[in-house]
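>>> sequence and predicted model, in that order:
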2 protein chains.
Amino acid sequence: MQRFDSVAIIGCGLLGASLGLALKARGLAGRVLGIGRNQSTLDRAVEVGAIAAAADASLIVIATPIAKAVAMLEDLKAVASPGSVITDVGSTKRAICERAAQLWPEQRPFVGAHPMAGSEKSGPEHARATLYDGAVCFVEDLPGSPAFDAIHALWAGVGARVVPVCPARHDETVAYTSHLPHVAAALVAALAGRRGDVRDFVGNGFRDTTRIAAARPEVWTEICLTNRDAMLKGLRDYEHWLADFRHALEDEDAAALENYFAEGQRARHDIVGRTASPNPACEPAKPTP
Amino acid sequence: MQRFDSVAIIGCGLLGASLGLALKARGLAGRVLGIGRNQSTLDRAVEVGAIAAAADASLIVIATPIAKAVAMLEDLKAVASPGSVITDVGSTKRAICERAAQLWPEQRPFVGAHPMAGSEKSGPEHARATLYDGAVCFVEDLPGSPAFDAIHALWAGVGARVVPVCPARHDETVAYTSHLPHVAAALVAALAGRRGDVRDFVGNGFRDTTRIAAARPEVWTEICLTNRDAMLKGLRDYEHWLADFRHALEDEDAAALENYFAEGQRARHDIVGRTASPNPACEPAKPTP
């Protein structure tokens, strides 16, 4: 099992703090230093501290929001020790991995990662050592690179199922499986909010569909901006489908409407499985005699 | 407490079967007769049986899908006993309530209802006597009518919180809080399904946002068709918001994007509350020391 003598985690939100707890709990790290006022801000003083701490670390984890992460990577180039490795936890991979490839044309120490373990709950107060247990963690596919082996071992070591992936393919796919669903949920919630007091009119459907709208706006703004091309394509596709659905409804074309719902149902089953319902409100209960 | 001598429940899916269990469990009914092969179909033979059973009932509950419910109401006009009352459980109220007002220009026995207690799980095998406990049940607002009092008492009797509502206002509102979220979820799932095998790329966000896409296509087709005007308006609004969001992303207008997410977050908090997270995957866990 790969073990890191000293780890610097820059940004102590849910993901960074949980990684620190997991490394400690599993005995995978000697010293773990977490740096960051909170998940949303790293002011200049903290940045200086982060850089100083990172200089001594054998593993540096950038766990800040994504725009800050790219800037941090640039700062780290000057100070990271030879032989140390760097990873991140950002939801988009193309922007930061392309920047890393520019900064280190060869033998780069940075290998991007995206553990699929976030939630609408943010902040270190929700952190837990088991956050990554069984979660998928995408790791930038750089076979043959020593840094890839180390970062692969890191995420596997804290319990994640590592999936090597090309950053562009990653971003194109998560546009449809994560970022577009997020925008859809946020706008559904915002539109409903314009109807006045609708609290009596919401059921489990609304609650689940809009749950991720509770996430932090600035984080999702950065995600959309760093995955702009794929998101623009996804949004255009979604708008077209909605317009086609609306035309079918205008025409009272029941068969066409049912086709949309049937495709959604089938896709949901194929992707998530028929039994995956983490919501206890939806679990079947035994009929009372 | 209002008590019904004999109850006929036409359509034995989740909602009809649960109502039967609840009436029995609470001692609110003498004889309860459930009629229906299953939730999706009532063939002609069953319909004849339903009509015969309904003729003797003091309370008739139409718990079929909504299009079938309107047709059933027409059949019931000829046979329902004087003094009996009729209600339904449909997700849209304007179509059936307007038809009832035509069928019975005065002293009408039908008062529409919409208990907000469905889920993506359908069928009597998921039925339970407690399904309506604490759920909102909309009841068509017909103050001063004896049937209104009886139907109000019925739903309150099985544990629901009765909210009297005008059918048109009901349908306009649920278009935004239930039907549009459903279409949004179904199309998000369908679009993701077109990307090939994306099972590794979905997290809790996708799972929750698309949960209701697992519901039965034919039911939602009928809901959209019987709430066509309000749904067309909701879909147009949603398409406009998505297009505006996309333009902001094209312009890399971070402030505008963040405003959308912030409005969605605020609306979700206002409507559902900050703490309402029925999903255990999202509950904060204690950090492991």
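Thanks, I have it.
>>> wait, isn't A:Thr87 in contact with A:Val111?
Yes: using CB atoms under 8 Å, A:Thr87 is in contact with A:Val111, at 5.6 Å. Yep, even glycine has a C-beta here, placed from its N, CA and C like the rest.
>>> what touches both of the two?
Contact with both A:Thr87 and A:Val111 is made by residues A:Val139, A:Ile151, according to CB atoms under 8 Å, 6 or more residues apart in numbering or on different chains.
>>> just how off-centre is stretch A:92-108 within its chain?
19 Å (CA atoms, centre = their mean, to the nearest Å).
>>> do that stretch and chain B come into contact?
No: Stretch A:92-108 lies out of reach of chain B by CB under 8 Å from any CB of the partner chain, never closer than 11.9 Å.
>>> any buried residues in that stretch, and which?
By 16 or more other CB atoms under 10 Å in any protein chain shown, the buried positions in stretch A:92-108 come out as A:Thr92, A:Lys93, A:Arg94, A:Ala95, A:Ile96, A:Cys97, A:Arg99, A:Ala100, A:Trp104, A:Arg108.
>>> so what's the residue positioned nearest the centre of chain A scoring on pLDDT?
The geometric centre of chain A, computed from its C-alpha atoms, lies nearest to A:Ser91 (CA atoms, centre = their mean), at 3.7 Å. A:Ser91 is assigned a pLDDT of 93 by the prediction.
>>> now do the SS call for it.
State at A:Ser91, reduced to three classes by DSSP: H, G, I helix; E, B strand; the rest coil: coil.
>>> for A:Ala69, give me its contacts.
Applying CB under 8 Å, 6+ apart, the residues near A:Ala69 are A:Gly11, A:Ile62, A:Asp88, A:Gly90, A:Ile96.
>>> list the buried residues of the strand or helix carrying A:Ala71.
In the assignment (DSSP states H and E), A:Ala71 maps to helix A:66-79. Going by neighbour count (16+ other CB under 10 Å), the buried part of helix A:66-79 is A:Ile66, A:Ala67, A:Lys68, A:Ala69, A:Val70, A:Met72, A:Leu73, A:Leu76, A:Val79.
>>> between those residues, which is nearest chain B?
A:Ala67 (9.1 Å; CB to the nearest CB).
>>> pretty sure that closest one contacts A:Leu225?
Yes: counting by CB under 8 Å, A:Ala67 does reach A:Leu225; the two are 7.4 Å apart.
>>> neighbours of the closest residue to chain B within the stretch 101-250 of chain A, just the number please.
Taking CB to the nearest CB, chain B has its nearest neighbour within the stretch 101-250 of chain A at A:Gly193, 2.6 Å off. A:Gly193 has 22 neighbours, counted by other CB atoms under 10 Å in any protein chain shown.
>>> contacting residues for it?
Residues counted as contacts of A:Gly193 (CB under 8 Å, 6+ apart) are B:Glu263, B:Gly264, B:Arg266, B:Ala267, B:Arg268, B:Asp270, B:Ile271.
>>> do the same with A:Cys224
A:His179, A:Val183, A:Met231, B:Leu249, B:Leu257.
>>> pLDDT score assigned to the first one?
Here the pLDDT value assigned to A:His179 is 97.
>>> so it touches A:Gly234, yeah?
Yes: the criterion here is CB under 8 Å, and A:His179 meets it with A:Gly234 at 7.1 Å.
>>> which one of these two is surrounded by more residues?
A:Gly234 (26 against 23).
>>> in which helix or strand does the more buried one reside?
Element membership of A:Gly234 [criterion: DSSP H and E] is helix A:228-250.
>>> name the nearest of the buried residues of stretch A:92-108 relative to B:Leu242.
Nearest to B:Leu242 among the buried residues of stretch A:92-108 is A:Thr92, at 20.1 Å by CB to CB.
>>> just checking, that closest one touches A:Ile66?
Yes: A:Thr92 lies in contact with A:Ile66 (CB under 8 Å); the separation is 5.9 Å.
>>> between the two, what contacts are shared?
Common neighbours of A:Thr92 and A:Ile66 (CB under 8 Å, 6+ apart) are A:Ile223, A:Thr226.
>>> could you find the closest non-adjacent residue to A:Ser145?
A:Val111 (7.1 Å; CB to CB, 6 or more residues apart in numbering or on different chains).
>>> still on that earlier bit, dump the contacts of A:Ala69 into a markdown table; add secondary structure as well.
Below are the contacts of A:Ala69 laid out as a markdown table (three-state DSSP):
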| residue | secondary structure |
| --- | --- |
| A:Gly11 | coil |
| A:Ile62 | strand |
| A:Asp88 | strand |
| A:Gly90 | coil |
| A:Ile96 | helix |
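>>> okay, these in CSV with distance to A:Val162 next?
Shown next, in CSV, are those (distance: CB to CB, whole Å):
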residue, distance to A:Val162
A:Gly11, 21
A:Ile62, 18
A:Asp88, 15
A:Gly90, 16
A:Ile96, 18
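>>> many thanks, I have nothing further to ask.
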